[in-house]
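A.B. asks: 3D, please:
(chains A and B)
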Amino acid sequence: MPISEEALNSKDVYREQDVEAAKKQTKELEDRIEGLLCGADPKNCLEIYNLLQAPESEVCLHESKALMNLKVLSSVAKMQVEKGEATNILQGRSLAEIEEIYQELVFRLRRVEFGKAIDIKQDIFVFLAENRLNVETLLAVLRGTVYLYEKDRIWKSITEGING
Amino acid sequence: MANENKIEIIACVNNDRYWEECCYYLSELYIPNGFEVNITEIRDAKSMCSGYNEGMKASDAKYKIYMHQDVFITDKWFLFELLDIFNADESIGMVGLVGSVGLAKDAVVWHGPRVNRIYRTGNSDIDALEKKAPLNPERLAVVDAVDGLLITTSKDIPWREDVFDAWDFYDLSQSREFINAGYKVVVPDYERPFAVHDDGLVLNLKNYDKYRNIFLNTYKF
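C.D. replies: Numbering: from 1, shown residues only, chains lettered A, B, ... in the order given. Sure thing, here's the model as predicted:
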C-alpha cells in the first residue's frame, strides 16, 4: 500500500529526493564554514554568524546538529569580536571539535539538571577553563539549546554550587 | 530457567560518548534489594532485531530492558516502578515509555494518540503533529505498540530479524508479537517523565515507508 498523499505532503515523512537535496545543501554549508573556521581572521566568525542566521540556512540547521549548535556558539563569538577581544571561542577549532565541546557542555549541564552533586557543577567550570571558554558560552548554551528542559533551575543550581 | 532476580539491560551501540553518558545514568539507578543488574552492549549489529536477539539469548535474566544508547534514565526509582508494574499483573509482558493508544490504520505512530511522557529533544514538526493521549487516572495505559527507545519485557519472545532486518518498525513488530502471544503491552502514564531521549533534531525516515508496508503486510493490521 503506498503511503498516502497527505502523509507525503506533511513534513513528518521526507521523500528521498528531499533528503538528498537537504544533505547536499547542508554539506556545502558545513564545508564553507569549515573553511572560515580554519582562516586566520577572528572576524570570520561574523560571517559564520550571518550565514547561520540567513533564512536559506534553515534546512541545513534542521539537518545538522553541528550547525544548530554552532549557531548558538557563534553568537558568543560575535559578541567577543565586537568587544575587541583578541580571540573567540570558534577560532582554531574545527566544526567537529566545536560539536564535541557543545555536546560535552550539554551532557554536563544535563547531569546538573538531574543530579545533586556539587562536584558536577564545579566540573563544568573546570571544563570551560580547559577549553578556553567563558561563562558567556555557558549561558548561550543554556539559552540556546533545545536539549535542556529547566534552564532557570540549572543556572540557579550551578551558581549555588559555586557560591555554596 | 530464567533468573527471576536479574535485570539485563541490552543496547546496540555505535557511539561511545552517548553510550558512556547512557551508562552514567544507569549507574545512578537504585537497584531493588536482592536483584542483580547486568549491562550488555551489542556492537556491529546487523539490525536492531538481530542485536536484541543476540542479547536476549545470551542472558538468563527474567527482566530485560532493550534501550537506545541516546536514552538517559533520569528517574532513579525506575527499576522499582518497573517491577511494581510487572508484579501487579502477570499478563503484562512488555512495558515501554512511549506508546500508541489505538495505532492508526496506516501504522504511522504519530497519526494516532500517544502516551508520551518523556523529555525529548525539540522536533517541533513531530511535536506539532502528535496527538497526546489524555493522562490516564490509573497511571497505566494499555497500548497497541511501544516506541523502541526503551522496551522492557518479562518474557522472552524472539525478535523478528527474519522480517525486520534494519532499524525501522522492529518495535511495533515486537509489540504485535507480544500481543499475539496473549500478553498486555503497557506504558506507565505519569506526569513526571522517566527519561530523556536525546535523539537529535532529524528523524531519519528514509526506509520508514518500506518497513511500514512490511509491518502492515506481516500483521494484516
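A.B. asks: not counting sequence-adjacent ones, nearest residue to A:Leu36?
C.D. replies: Among residues not flanking A:Leu36 along the chain, A:Asn44 sits closest, at 4.3 Å (C-beta to C-beta, 6 or more residues apart in numbering or on different chains). Heads up, the C-betas are built off the backbone N, CA and C, glycines and all.
A.B. asks: quick one: that neighbour and A:Ile33 touch, right?
C.D. replies: No: in this structure A:Asn44 lies outside contact range of A:Ile33 using C-beta atoms under 8 Å: 9.2 Å.
A.B. asks: element containing the residue nearest the centre of chain B, please.
C.D. replies: By C-alpha atoms, centre = their mean, chain B has its centre lying nearest to B:Ile151, at 2.3 Å. Assigning secondary structure by DSSP states H and E places B:Ile151 in strand B:150-153.
A.B. asks: residues contacting the residue nearest to the centre of chain B?
C.D. replies: B:Ile151 sits next to B:Ile65, B:Tyr66, B:Met67, B:Met94, B:Val95, B:Gly96, B:Asp171, B:Gln174 when contact means C-beta atoms under 8 Å, 6 or more residues apart in numbering or on different chains.
A.B. asks: pull up the distance across stretch B:166-174, start to finish.
C.D. replies: 14 Å (C-alpha to C-alpha, to the nearest Å).
A.B. asks: and the contacts of that stretch?
C.D. replies: B:47-49, B:52, B:94, B:96, B:103, B:107, B:109, B:145-148, B:151, B:157, B:159-160, B:163-164, B:207-208, B:210-212, B:214-215, B:218-219.
A.B. asks: can you map out the strands along chain B?
C.D. replies: Listed in chain order, the strands of chain B (DSSP state E) span B:3-13, B:36-43, B:61-67, B:71-73, B:92-96, B:98-100, B:113-116, B:119-120, B:131-132, B:140-142, B:145-146, B:150-153, B:184-188, B:195-197.
A.B. asks: now mean pLDDT too, for those, in a markdown table please.
C.D. replies: As requested, these are arranged in a markdown table below (pLDDT from 0 to 100):
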| stretch | mean pLDDT |
| --- | --- |
| strand B:3-13 | 98 |
| strand B:36-43 | 98 |
| strand B:61-67 | 98 |
| strand B:71-73 | 95 |
| strand B:92-96 | 97 |
| strand B:98-100 | 94 |
| strand B:113-116 | 85 |
| strand B:119-120 | 74 |
| strand B:131-132 | 58 |
| strand B:140-142 | 92 |
| strand B:145-146 | 96 |
| strand B:150-153 | 98 |
| strand B:184-188 | 95 |
| strand B:195-197 | 90 |
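A.B. asks: which of the ones you listed is buried the deepest?
C.D. replies: Greatest average neighbour count among those goes to strand B:145-146 (a mean of 28), per mean count of other C-beta atoms under 10 Å in any protein chain shown.
A.B. asks: ok, that strand: who's next to it in the sheet?
C.D. replies: In the sheet, strand B:145-146 lines up against strand B:98-100 (antiparallel) (DSSP bridges).
A.B. asks: need the CA coordinates for stretch A:79-93. CSV is fine.
C.D. replies: What follows is stretch A:79-93, C-alpha atoms only, in CSV (Å, rounded to 0.1, in the frame of the first residue of the first chain):
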residue,chain,number,x,y,z
MET,A,79,30.0,39.3,20.9
GLN,A,80,33.6,38.7,21.7
VAL,A,81,34.8,40.1,18.4
GLU,A,82,32.6,43.1,18.7
LYS,A,83,34.1,43.8,22.2
GLY,A,84,37.5,43.7,20.6
GLU,A,85,38.7,40.6,22.4
ALA,A,86,41.7,39.0,20.7
THR,A,87,40.4,35.5,20.5
ASN,A,88,37.0,34.0,20.1
ILE,A,89,35.7,30.6,21.0
LEU,A,90,35.4,29.4,17.4
GLN,A,91,38.8,30.3,16.1
GLY,A,92,41.2,27.5,15.5
ARG,A,93,38.7,24.8,16.1
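A.B. asks: figure out how far it is from the centre of its chain.
C.D. replies: 16 Å (C-alpha atoms, centre = their mean, to the nearest Å).
A.B. asks: show me what counts as buried in it.
C.D. replies: Neighbour-count burial for stretch A:79-93 flags A:Gln80, A:Val81, A:Asn88, A:Ile89, A:Leu90, A:Gln91, A:Arg93 (criterion: 16 or more other C-beta atoms under 10 Å in any protein chain shown).
A.B. asks: from the residues you listed, which has minimum pLDDT?
C.D. replies: Lowest pLDDT of these: A:Asn88, 70.
A.B. asks: that one reaches A:Lys43, doesn't it?
C.D. replies: No: counting by C-beta under 8 Å, A:Asn88 does not reach A:Lys43; the two are 9.0 Å apart.
A.B. asks: now do the shared contacts for these two.
C.D. replies: Taking C-beta under 8 Å, 6+ apart as the criterion, A:Asn88 and A:Lys43 both touch A:Val81.
A.B. asks: residues near B:Glu138, how many?
C.D. replies: As a burial measure, B:Glu138 scores 7 neighbours (other C-beta atoms under 10 Å in any protein chain shown).
A.B. asks: separation between it and A:Leu51?
C.D. replies: Distance, B:Glu138 to A:Leu51, using C-beta to C-beta, to the nearest Å: 52 Å.
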